[in-house]
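Asks: give me the fold of what follows.
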Amino acid sequence: MLVAAAVCPCPPLLVPAVAAGAAPELDAARTACDGALGVLAAARPDRLIVVGPAEQEGPGPDPYPEGTRGSFRGFGVPVDVVLGGPGGPDGATGEARPAGRPLPDSLAVGAWLLERVHWSAAPVSGLGVGTSLGTEDCVRAGARLATGPERVALLVMGDASACRSVKAPGYLDERAAPFDATVARALGAADVAALKALDARRAAELKAAGRAPWQVLAGAAEGAGLDGQLLHEDAPYGVGYLVAAWT
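Replies: Below you'll find the predicted structure:
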């Protein structure tokens, strides 16, 4: 059963080494993410699953076991992370870890957030969700995560629209701000029905990569009776960043 969830944005810019001189601009978002993770720890889950957008390799979401490595070296910085395990001073680790696919960027950011708060409250695994996965498939995947007596918490990574300004990755789209406002209200109220109602095509047009992970959350939270709180809302660089906590 789902006992708590945190929703965080997933730009690699959250990692200060990646953001470099622009790092202070996202300090408020980082602090809000820390608070959301504190809510998860306080719920004392048996297991934490980090859910984020990713290129889909199979017909459904792709699992990533605890110990999977991720890296921000593609962004020009020597920072590595391990899902569910601490790195060294620069994010590197010499411990033996499972080989296989590296973490997608969204889950790597989630792993970095967990390392930042020294997460030790529960074992951690990951789930990469294709941004084109349909609403019904997302909801079913979420429901499967919350099946059984195990106390499950979710860290749900995903950005809102990327069309909030002329300098945004998707340029300015007048539909973006209302779309993000709808998502913010849904996350702040733990409104499962509103998340399910998000239009996948509209989200894709607005480059809202969080749509599929949010709908996985909706499937997991169905009937859980959780309350929501919106902790942060901003759109730096023309991209909507939202942080919320459900308990």
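
Asks: my hunch is that Val129 is in a strand, does that hold up?
Replies: Yes - assessed with DSSP: H, G, I helix; E, B strand; the rest coil, Val129 lies in a strand.

Asks: my guess is it meets Glu55, correct?
Replies: No - the criterion here is Cβ atoms under 8 Å, and Val129 misses it with Glu55 at 10.3 Å. C-beta: built from backbone N, CA, C; applies to glycine.

Asks: compare neighbour counts for those two and give me the winner.
Replies: For the pair Val129 and Glu55, the greater number of neighbours falls to Val129 (31 against 11), based on other Cβ atoms under 10 Å.

Asks: quick one, helices of the protein?
Replies: 16-19, 27-42, 105-116, 135-145, 176-189, 192-196, 200-205, 211-221 (DSSP state H).

Asks: what residues sit buried inside the longest one?
Replies: For helix 27-42, burial by neighbour count (16 or more other Cβ atoms under 10 Å) applies to Ala29, Arg30, Ala32, Cys33, Gly35, Ala36, Leu37, Val39, Leu40, Ala41.

Asks: CA atoms of stretch 211-224 as CSV?
Replies: Provided in CSV are the C-alpha atoms of stretch 211-224 (Å, rounded to 0.1, in the frame of the first residue of the first chain):
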residue,chain,number,x,y,z
ARG,A,211,2.9,13.5,-17.1
ALA,A,212,3.5,9.8,-17.2
PRO,A,213,5.2,9.6,-13.7
TRP,A,214,2.3,11.7,-12.2
GLN,A,215,-0.2,9.3,-13.6
VAL,A,216,1.7,6.3,-12.2
LEU,A,217,1.4,8.1,-8.9
ALA,A,218,-2.3,8.5,-9.5
GLY,A,219,-2.6,4.7,-10.0
ALA,A,220,-0.7,3.9,-6.9
ALA,A,221,-2.6,6.5,-4.7
GLU,A,222,-6.1,5.3,-5.8
GLY,A,223,-8.0,4.7,-2.5
ALA,A,224,-5.0,5.4,-0.3
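
Asks: for that stretch, buried residues please.
Replies: Buried-residue list, stretch 211-224, by 16+ other Cβ under 10 Å: Arg211, Ala212, Pro213, Trp214, Gln215, Val216, Leu217, Ala218, Gly219, Ala220, Ala221, Ala224.

Asks: nearest to Leu14, of those?
Replies: Pro213 (15.7 Å; Cβ to Cβ).

Asks: which residue packs closest to that closest one, ignoring adjacent ones?
Replies: The shortest distance from Pro213 to any residue other than its chain neighbours is 4.3 Å, reached at Gly158 (Cβ to Cβ, 6 or more residues apart in numbering).

Asks: check Gly84 too.
Replies: Closest residue to Gly84 apart from its sequence neighbours, by Cβ to Cβ, 6+ apart: Val124 at 3.4 Å.

Asks: try Gln56
Replies: Gly130 (2.7 Å).

Asks: OK, contacts around the residue nearest the centre of the chain?
Replies: Residue closest to the mean C-alpha point of the chain, counted by Cα atoms, centre = their mean, is Met157 at 0.7 Å. Going by Cβ atoms under 8 Å, 6 or more residues apart in numbering, Met157 touches 8-10, 50-53, 106-107, 109-110, 210, 213.

Asks: what's across from it in the sheet?
Replies: For Met157, the beta-bridge partners are Cys8 (DSSP bridges).
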